[in-house]
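# Quick one, what's the 3D model for this:
(chains A and B)
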Protein chains: 2
Amino acid sequence: MKLASYSEEELEAFYAECKAAYAGYKAQGLKLDMSRGKPSPEQLDLSAGLLDCVSNEDMHGEAGDYRNYGVLDGIPEAKRLFAPMLGVEPDEVFLLGNASLQAMYMTISYAYSHGLMGHTPWGRLEKVKFLCPVPGYDRHFKITEFFGAQMINIPMTAEGPDMDRIEKLVSEDASVKGIWCVPQYSNPTGIVYSDETVRRFGALKPAAPDFRIFWDNAYCIHHLCDAPHTIPSILEECRKNGNEDMVIEFASTAKVTFAGAGVCMMAASRATLDDLTKGLSCFTICFDKTNQMRHVKFFDGDFANIQSHMEKHRAILEPKFRTVLDILKRELAPLEIGSWTEPKGGYFVSFDAPQGCAKRIVQLCKEAGVVLTGAGAAFPYGVDPEDKNIRIAPSYPSVSELEKAMELFVLCVKMAAAEKLLA
Amino acid sequence: MKLASYSEEELEAFYAECKAAYAGYKAQGLKLDMSRGKPSPEQLDLSAGLLDCVSNEDMHGEAGDYRNYGVLDGIPEAKRLFAPMLGVEPDEVFLLGNASLQAMYMTISYAYSHGLMGHTPWGRLEKVKFLCPVPGYDRHFKITEFFGAQMINIPMTAEGPDMDRIEKLVSEDASVKGIWCVPQYSNPTGIVYSDETVRRFGALKPAAPDFRIFWDNAYCIHHLCDAPHTIPSILEECRKNGNEDMVIEFASTAKVTFAGAGVCMMAASRATLDDLTKGLSCFTICFDKTNQMRHVKFFDGDFANIQSHMEKHRAILEPKFRTVLDILKRELAPLEIGSWTEPKGGYFVSFDAPQGCAKRIVQLCKEAGVVLTGAGAAFPYGVDPEDKNIRIAPSYPSVSELEKAMELFVLCVKMAAAEKLLA
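Residues are numbered from 1 along each chain as shown, chains lettered A, B, ... in the order given. Presented below is the predicted three-dimensional model:
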């Protein structure tokens, strides 16, 4: 029976039972962290070979001595390795440092201080607006908040962000300068943009000539299913519409090899990369080419090897996602409290509690020793207008820890829901 | 006899002789590059062990799993290793990516977009001035030019930059926001700032509360002599004057281990590092901790091992510097054309040709196959007001290549000087 149909008496009995169970959890002194999408030690061990797969001789590559200065945009061997991951030509790839957030920050920082392709620097404009599909990635929002953009929430549908709203805002308002997208296994919903959504992105007719799609394809090869649906190339879609400078795609091997020591990449039109190079060539002489070469050697220069490497990640991650989903279904579905996504890839399960309950759930979990991502974190300014979304990150804990954490989690959802109904 | 005392007839004979020799060089089809301060392959080989000195187990350090996300400011093991190099406490060290230019760029970019420690962002000011001791490092000047600062040349003396002028400008003009310094083996003069100069830097009383000294200690351990003179700690000197937030020190292992894959470091007061962290925490989740750990393991966590490693660099570099200086002395001293520095460390010899001759010399060298750093490169906006300075970078070529290149160089100096006298 759904919780909303309980009588007040039944609800009180239900709540008392929950409270007793909760006290038991508290006594256990749990200490579990599900706050961030961190790979587990077991996953990191998959890339142990990355640490010692190169020798001094391997550092003499096609573009010279990779121990020395030079080759700002990345070594050709690694561009060829990663181009198929991004769905572009090697010539459209720019390789940077150890994580892709840096590339996004640099792009937005450059747009603010110097302007993209000769357009007015955003920092000189009265107002800059950024569209933010929600729930989304907190670190994206942190960058645009840092630079003072006004962020506008865009609701997500099962097909991706609400394209009607985006098309309207982008075409009517020249102060709309960008949008954050995680198109494949969106953070945190796991939603894969439909082909139609990607097509509509490519066909946008922005009022601002320097409107840009920040296409963070962080999970493009992070499947948790057979025969995954993969999205069309956004650069290609933009190009079809004569708009190839409208998008910058980002990705990295942070969740392929090492989270703190991967290779970060951008893909964009040559004109866009040439423009961004004006800033990047002041920023550094080159990025770490030895680490680029390490990745080339570890994967034997072949994208197919990256894909089979990702199958090993899947084998570790899939049981964890199943644990989360099984417990949610078993404990919450009958009561009809909350809803959640069942992602086919990526790093998160997005949980929607009854309205006004997310903060309370996170607080209850914390008091019993389980740290979740802060309620609201997946929204601009940390504000979830309905206080209902919680991002569950199953990757780091072991399956048995996860079971314990999720048992507590569903208990806290029940308590918060009951409190709301009783109030 | 000095060239200036030659009769016109003697000069013409001298010039004809030079031209004949020059034609001979041209026929040789030389192809040598002395344009940048790149370490030679032999030097890079010294750190070959860096590539395979760590295993998966080494990645579990004091601050957790170094393959994963986290530890934005650098691993404690590496902070302890590098703190003595910078003359500060480990707590005053912030470790970043693969090269220090990035740290300088990020600091200046942050000052422009957000302002240092709550001060008005430089990007919002009518005018921002930067003092630039000349000749200096072109990539410094490129950053401040990129952000639109007005750069003011400050002449160098044998003791460091002209402190009378600096004290006057800094104390009287609140639009003077910064100064670029390479205090130990200045790029390109090789000058070591005297203790008195460093003391006067620490005692500056700037009109602007957000005036900063950008102390690029790139060559702090790059000695080419016994018992080198090392400079006092600038952070300490500033602190003595209650001015500890006035300086940010930069360094890296770019010319210790691998030029493209070192570890970059900043040292500053805690308040300064905390302030810069506001931007850096949006820029990235963490820098590459595996490479930091690689350096810790390679040097066995002991700064003394870095120092003895530098002795091996010295053994390779010293003969190259000697070659350059010997040829300059033998060929140009008797004629009294040009003057040059005799550095006790660092990467360059700074050569001053007769006024108005630098561009011509670089051009002559280039036409005969030897590429030098562009004339004027060591000055803001690439403009050497006297067109006399040429930066000689002896590190990359072999001694025999260097001999050939320097023979050509002195010939070109002679030709340009004779042309000038004949004109």
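
# which parts of the stretch 151-300 of chain A sit against chain B?
Residues of the stretch 151-300 of chain A lying close to chain B (C-beta under 8 Å from any C-beta of the partner chain) are A:254, A:258-261, A:278-279, A:282-291. In this view, the C-beta of every residue, glycine as well, is placed from N, C-alpha and C.

# And those, which of them are buried?
Among these, those classed as buried by 16 or more other C-beta atoms under 10 Å in any protein chain shown are A:254, A:258-261, A:279, A:282-291.

# Among the residues you listed, which has the minimum pLDDT value?
Comparing pLDDT over those, the lowest score belongs to A:Gly260 (90).

# quick one on the thing from earlier: so which of the buried ones among the residues of the stretch 151-300 of chain A next to chain B belong to helices?
A:279, A:282-283, A:289-291 (DSSP state H).

# Any chance of these in JSON lines with distance to A:Lys312 as columns?
As requested, those are exported to JSON lines (distance: C-beta to C-beta, whole Å):
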{"residue": "A:Gly279", "distance to A:Lys312": "37"}
{"residue": "A:Cys282", "distance to A:Lys312": "40"}
{"residue": "A:Phe283", "distance to A:Lys312": "35"}
{"residue": "A:Lys289", "distance to A:Lys312": "26"}
{"residue": "A:Thr290", "distance to A:Lys312": "24"}
{"residue": "A:Asn291", "distance to A:Lys312": "21"}
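
# Among those, which pair sits farthest apart?
Spatial extent of those (C-beta to C-beta) is set by the pair A:Gly279 and A:Thr290 at 23.7 Å.

# how many neighbours does the residue of the stretch 51-200 of chain A found nearest chain B have?
Closest residue of the stretch 51-200 of chain A to chain B, C-beta to the nearest C-beta: A:Asn56 (3.8 Å). Using other C-beta atoms under 10 Å in any protein chain shown, A:Asn56 has 16 other residues around it.

# where does the spatially closest residue to it that is not a sequence neighbour land on pLDDT?
Counting by C-beta to C-beta, 6 or more residues apart in numbering or on different chains, A:Asn56 lies nearest to B:Ala48, which is 3.8 Å off, once chain neighbours are set aside. B:Ala48 is assigned 98 on the pLDDT scale.

# quick one: B:Ala48 from B:His295, how far?
Using C-beta to C-beta, to the nearest Å, B:Ala48 is found at 14 Å from B:His295.

# Could you check which of those two has the larger neighbour count?
A direct count of neighbours by other C-beta under 10 Å for B:Ala48 and B:His295 places B:His295 higher, at 25 against 16.

# Phi and psi next, for that one.
phi -70, psi -40 (degrees, to the nearest 10).

# Just list the residues touching the residue nearest to it when sequence neighbours are not counted, thanks.
Excluding its sequence neighbours, the residue lying closest to B:His295 (C-beta to C-beta, 6+ apart) is B:Val263, at 5.3 Å. Residues in contact with B:Val263, defined by C-beta atoms under 8 Å, 6 or more residues apart in numbering or on different chains, are B:78, B:82, B:95-96, B:98, B:252-253, B:257, B:291-292, B:295.

# Now the two most distant members of those residues.
Taking C-beta to C-beta as the measure, those span a maximum distance of 15.2 Å, between B:Leu96 and B:Thr257.

# more neighbours, those two?
In terms of neighbours (other C-beta under 10 Å), B:Thr257 is the more surrounded of B:Leu96 and B:Thr257; the figures are 28 against 25.

# Go ahead and confirm A:Arg391 touches A:Pro188.
Yes. Counting by C-beta atoms under 8 Å, A:Pro188 is a contact partner of A:Arg391 at 4.0 Å.

# which residues are in contact with both of the two?
Common contact partners of A:Arg391 and A:Pro188 (C-beta under 8 Å, 6+ apart): A:135, A:348-350, A:378.

# my guess is A:Ala377 is in a strand, correct?
No. Under DSSP: H, G, I helix; E, B strand; the rest coil, A:Ala377 sits outside any strand and is assigned coil.

# Please tell me how far it sits from A:Arg36.
Going from A:Ala377 to A:Arg36 by C-beta to C-beta gives 10 Å.

# quick one, which of those two is more surrounded?
Higher neighbour count among A:Ala377 and A:Arg36: A:Ala377, with 24 against 18, using other C-beta under 10 Å.

# The more buried one against A:Asp138, yeah?
Yes. Using C-beta under 8 Å, A:Ala377 makes contact with A:Asp138 at a distance of 4.6 Å.

# Neighbours of A:Glu401, how many?
18.

# wait, is it part of a helix?
Yes. Counting by three-state DSSP, A:Glu401 is part of a helix.

# which residues does the residue nearest to it when sequence neighbours are not counted contact?
Spatial nearest neighbour of A:Glu401, chain neighbours left out: A:Leu32 (5.4 Å); criterion: C-beta to C-beta, 6+ apart. When contacts are counted by C-beta under 8 Å, 6+ apart, A:Leu32 is found next to A:369-371, A:397, A:401, A:404-405.

# now those as JSON lines including secondary structure and pLDDT?
Listed next are these as JSON lines, based on DSSP: H, G, I helix; E, B strand; the rest coil; pLDDT from 0 to 100:
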{"residue": "A:Gly369", "secondary structure": "coil", "pLDDT": "95"}
{"residue": "A:Val370", "secondary structure": "strand", "pLDDT": "95"}
{"residue": "A:Val371", "secondary structure": "strand", "pLDDT": "94"}
{"residue": "A:Pro397", "secondary structure": "coil", "pLDDT": "94"}
{"residue": "A:Glu401", "secondary structure": "helix", "pLDDT": "94"}
{"residue": "A:Lys404", "secondary structure": "helix", "pLDDT": "95"}
{"residue": "A:Ala405", "secondary structure": "helix", "pLDDT": "95"}
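
# Serialize these to CSV and add fields for distance to A:Glu145.
Supplementary listing: the contacts of A:Leu32 in CSV, determined by distance: C-beta to C-beta, whole Å:
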residue, distance to A:Glu145
A:Gly369, 30
A:Val370, 27
A:Val371, 23
A:Pro397, 30
A:Glu401, 33
A:Lys404, 35
A:Ala405, 30
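
# distance of A:Ala207 from A:Glu167?
11 Å.

# Comparing those two, which residue is more hemmed in?
Counted by other C-beta under 10 Å, A:Ala207 and A:Glu167 do not tie: A:Glu167 has more neighbours, with 16 against 13.

# ok, A:Met34 touching A:Ile390?
No. Assessed by C-beta under 8 Å, A:Met34 is found out of contact with A:Ile390, at 9.8 Å.

# tell me, what's touching these two both at once?
Between them, A:Met34 and A:Ile390 share the contacting residues A:372-373, judged by C-beta under 8 Å, 6+ apart.

# okay, those two: which has more neighbours?
The neighbour comparison of A:Met34 against A:Ile390 (other C-beta under 10 Å) goes to A:Ile390, with 32 against 26.

# Who does the more buried one form a beta bridge with?
A:Phe351 (DSSP bridges).

# Am I right that it is in contact with A:Ala353?
Yes. The criterion here is C-beta under 8 Å, and A:Ile390 meets it with A:Ala353 at 6.3 Å.

# list the residues that contact both of the two?
By C-beta under 8 Å, 6+ apart, A:Ile390 and A:Ala353 have these common neighbours: A:Ile361.

# circling back to that earlier point, so which of the ones in helices among the buried ones among the residues of the stretch 151-300 of chain A next to chain B comes closest to B:Glu89?
A:Phe283 (28.3 Å).

# May I have the strands that pair with the helix or strand bottoming out on mean pLDDT in chain A, each with its orientation?
Every helix and strand in chain A was compared by mean pLDDT, DSSP states H and E; the lowest is strand A:32-34, with a mean of 87. Its sheet considered, strand A:32-34 pairs with strand A:370-372 (parallel) by DSSP bridges.
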